[in-house]
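A.B. asks: predicted model and sequence below, questions to follow.
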Amino acid sequence: MSSIHELHERKRKRIKLNGIFYASVSSASFGFSPLFSLGLLAAGLSDFDVLSYRWLVAGIVLMIYALCKKKSLRLNSFDEVWKVVLLSALRAITSVTLLIGYANISSGIASTINFMYPVIVTICMMLFFGEKRSLADIVAIGVSIFGVYLLASGDSIIVEGGNTRLGLICSLISAFSFAAYYIVMKQVRADKIEVVKFTTWIMMLSAFYFIVCAFIFEGRITLVKDFGSWLNILGLGLWATMVSNITGVKAIRRIGPTHTSILGALQPVTAVILGVLFLGEHLYLRSCIGITLILMAVSVVVMHQKKR
């Protein structure tokens, strides 16, 4: 009996370690998004070009994966159709506003502000859905708001040629739209749709929206020919999007959404480090304190969600 128990215990620990690994890869890979995105913007691509390539590459690869695994991508009812259309629109808003944030303020700070979405979900659930929260949640909300104030008022947020106010507003909008994405998903039970099918439709519809916007506002999609830009596109579409999504799902299945969300703190941390090393961004004490306060606040909120 003891040997069987030991085998189960070793298996449980192995699953947990695998989950931690997948969660770390998921969040760290997503943290590369600003590095690849800003590289494409610097090469002359527009916001709509960058996002069209990002979601189209990720969507096509996931579609190929689904076909190889013989998974059905068919939406079985109008109920599923309107859910993926609405949620893909929210996801697209998150993407475009976050990209504008990357381009106008420090990408690490934009990523940290976007990472506030669990706190915003908590606020919305309290105000509009009558959820009761603990004193710790209320304090965490206040701490996160103070953290944003420190980021917004510090010198680290400024980038050469950027519109700081626009970047800050768009980063906040990206956090609110991402929070809305999760709230709507929960309220309309879209999480009941099979994961690969749901994610493929979200990616392909997002790509469709940005391609249409590119033709409406710019008259065309820029055709990428140089090798360096294609490396950035593949890095953004595969590593920062495809791999991030797949490993995130694997992590949730092994260690649950709470611990996966907490390890998601690696995303803004990765973005901050890459911004300092490769994008010439600066990080001062005031911003370090602000980032730390936001990460702590999000962790408190997520942990209290687990206890509910």
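C.D. replies: In hand now; what should we look at? None of these values were measured; they are calculated from a predicted model.

A.B. asks: isn't Y53 right next to I233, touching?
C.D. replies: Yes. Y53 is in contact with I233 according to CB atoms under 8 Å; the separation is 4.7 Å. To be clear about C-beta, it is placed using only N, CA and C from the backbone, and glycine gets the same treatment.

A.B. asks: any shared contact partners between these two?
C.D. replies: 40, 224 (CB atoms under 8 Å, 6 or more residues apart in numbering).

A.B. asks: from the chain's centroid, how far away is the helix-or-strand element of the chain with minimal mean pLDDT?
C.D. replies: Counting by mean pLDDT, DSSP states H and E, the weakest-scoring helix or strand in the chain turns out to be helix 244-263, with a mean of 81. Offset of helix 244-263 from its chain centre (CA atoms, centre = their mean, to the nearest Å): 13 Å.

A.B. asks: quick one: buried residues of that helix?
C.D. replies: 244-252, 254-255, 258-263 (16 or more other CB atoms under 10 Å).

A.B. asks: kindly report the same for stretch 291-306.
C.D. replies: Neighbour-count burial for stretch 291-306 [16+ other CB under 10 Å]: 291, 293-295, 297-305.

A.B. asks: possible to save those residues as a markdown table with secondary structure, distance to V196 and pLDDT?
C.D. replies: What follows is the buried residues of stretch 291-306, written out as a markdown table (DSSP: H, G, I helix; E, B strand; the rest coil; distance: CB to CB, whole Å; pLDDT from 0 to 100):
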| residue | secondary structure | distance to V196 | pLDDT |
| --- | --- | --- | --- |
| I291 | helix | 34 | 93 |
| L293 | helix | 37 | 93 |
| I294 | helix | 32 | 94 |
| L295 | helix | 31 | 92 |
| A297 | helix | 33 | 91 |
| V298 | helix | 28 | 90 |
| S299 | helix | 29 | 87 |
| V300 | helix | 33 | 87 |
| V301 | helix | 29 | 85 |
| V302 | helix | 25 | 81 |
| M303 | helix | 29 | 78 |
| H304 | helix | 31 | 71 |
| Q305 | helix | 26 | 64 |
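
A.B. asks: checking the nearest residue to G44 once chain neighbours are set aside next. Helix, strand or coil?
C.D. replies: Once flanking residues are discounted, G44 sits nearest to T222: 7.2 Å by CB to CB, 6 or more residues apart in numbering. Under DSSP: H, G, I helix; E, B strand; the rest coil, T222 falls in the coil class.

A.B. asks: can you report phi and psi for T222?
C.D. replies: phi -70, psi 130 (degrees, to the nearest 10).

A.B. asks: next, count neighbours for the residue lying closest to K132 once chain neighbours are set aside.
C.D. replies: Once flanking residues are discounted, K132 sits nearest to M126: 7.7 Å by CB to CB, 6+ apart. Counted with other CB atoms under 10 Å, residues neighbouring M126 total 15.

A.B. asks: same question for F227.
C.D. replies: Count around F227 with other CB under 10 Å applied: 7.

A.B. asks: what's the pLDDT at it?
C.D. replies: At F227, the model reports a pLDDT of 95.

A.B. asks: distance of it relative to I233?
C.D. replies: Going from F227 to I233 by CB to CB, to the nearest Å gives 11 Å.

A.B. asks: what's the answer for N245, then?
C.D. replies: N245 is 17 Å from I233, by CB to CB.

A.B. asks: which is the next helix or strand following the least confident helix or strand of the chain?
C.D. replies: helix 266-278 (DSSP states H and E).

A.B. asks: chain center to that following helix, what's the gap?
C.D. replies: Averaged over its C-alpha atoms, helix 266-278 has a centre that lies 14 Å from its chain's centre (CA atoms, centre = their mean).

A.B. asks: for that helix, name the packing helices and strands.
C.D. replies: Under the contact definition 3 or more CB pairs under 8 Å, 6 or more residues apart in numbering; DSSP states H and E, helix 266-278 sits against helix 2-30, helix 33-42, helix 107-114, helix 285-307.

A.B. asks: out of those helices, which is closest to I183?
C.D. replies: helix 285-307 (12.8 Å; CB to CB).

A.B. asks: what residues are up against the nearest residue to L98 once chain neighbours are set aside?
C.D. replies: Excluding the flanking residues, the one nearest L98 by CB to CB, 6+ apart is S174, at 3.9 Å. Contacts for S174 (CB under 8 Å, 6+ apart) come out as 93-95, 97-98, 101, 110, 113-114.

A.B. asks: shaky segments in the stretch 151-300 of the chain?
C.D. replies: 258 (pLDDT under 70).

A.B. asks: rewinding a little: how about the helices and strands packed on helix 266-278 in TSV, adding distance to R189?
C.D. replies: Formatted as TSV, these follow (distance: least, CB to CB, whole Å):
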stretch	distance to R189
helix 2-30	24
helix 33-42	29
helix 107-114	25
helix 285-307	18
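
A.B. asks: so of those, which one's packed in deepest?
C.D. replies: For the helices and strands packed on helix 266-278, the largest average neighbour count (mean count of other CB atoms under 10 Å) is found in helix 107-114, namely a mean of 30.
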